[in-house]
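[1] here is a sequence with its predicted model. Questions after.
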Amino acid sequence: MKFGNARERIWIYDVERGTRIPIVNSESGPTLYSPVWSPDGKQVAYRNTLGKTSTLVAHSSDGSGVEREPGSIHFELLRPTDWSPDGRYLVLELTKFQGRQNWRDWLRIVGVDGAGQSVLDINDAGAGRFSPDGHWLAYADENSGQVYVTSFPGPGPRIAVSTAGGSDPRWRGDGQELFYVADDLTLISVQVRESARDFRALSSHRLFRLQLPWNVGFYDVTRDGKRFLVNTRTLAERTVPLTVVTNWLEVVQNESRN
């Protein structure tokens, strides 16, 4: 799945065939952003922004049918970050602006087929991700700048995963490895022990550094944890060479004789 051009459309890209289709065919209309897959791959949830209002929208991943609004959720700014493995819940990152340089973020988990009522709220948090078995939620805490894991639906303690700052957690498909981005944009791998009743963070090591900052440096990992999809620059930044021609009059005269 990828973003479109300046119109911010969402496209579904077939990796094997090398083809792509827009999830919504309209060339105009609201800005579409932050796509997340349903666990069966048949739907995509995303943010629909028109004016100063954001709406949670879902659409068939093959582009057929029409958009629907799970829970009829409208907010100043929202971003879906994950869909639960059982397909019942969506994690939303909500932002409420309190001035030009001040805003508040928090995570809210809502039922897909409900009336948009909160199942769990976590204040001052973002980038929530369900564990593959749905028993745990990894997220970034904005006060401490660290990555934590807490039980779902809770209540339960929060367990620190990062040690020196981090954000944007991702799980390996078996739930035994957790990735996050450190403050220096290095991707960190953490070996974890996870079950329905217990979570422990074990050893960690650095993998590689992302080239782009958080606002454009999105990434994801395959289920086996062996391959990563990251944003990168497609063209190297080069300085156009400056050529100084001396004795140019003689060169012009010689060319005119020829």
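    Cool, the structure landed.
[2] and the closest residue to Arg227 other than its chain neighbours, how close does it get to Ser195?
    Using Cβ to Cβ, 6 or more residues apart in numbering and skipping the chain neighbours, the partner closest in space to Arg227 is Val221 (7.2 Å). All C-beta atoms are positioned from the backbone trio N, CA, C, and that covers glycine. For Val221, the distance to Ser195 under the criterion Cβ to Cβ, to the nearest Å works out to 21 Å.
[3] again with Leu107
    According to Cβ to Cβ, Leu107 stands 23 Å off from Ser195.
[4] cool, Phe75 as well?
    Following Cβ to Cβ, the distance that separates Phe75 from Ser195 is 34 Å.
[5] which residues are in contact with the residue sitting nearest the centre point of the chain?
    Within the chain, the residue whose C-alpha comes closest to the C-alpha centroid is Phe218; the distance, by Cα atoms, centre = their mean, is 5.5 Å. Under the criterion of Cβ atoms under 8 Å, 6 or more residues apart in numbering, the contact partners of Phe218 comprise 168, 230-231.
[6] got a winner among those for most neighbours?
    Asp168 (22 neighbours; other Cβ atoms under 10 Å).
[7] that one and Phe179, how far apart?
    In this view, Asp168 and Phe179 are 8 Å apart by Cβ to Cβ.
[8] again with Leu56
    When Cβ to Cβ is applied, the distance between Leu56 and Phe179 equals 26 Å.
[9] in the stretch 1-150 of the chain, which spans are helices?
    In the stretch 1-150 of the chain, no helices are defined using DSSP state H, counting those that start in this stretch.
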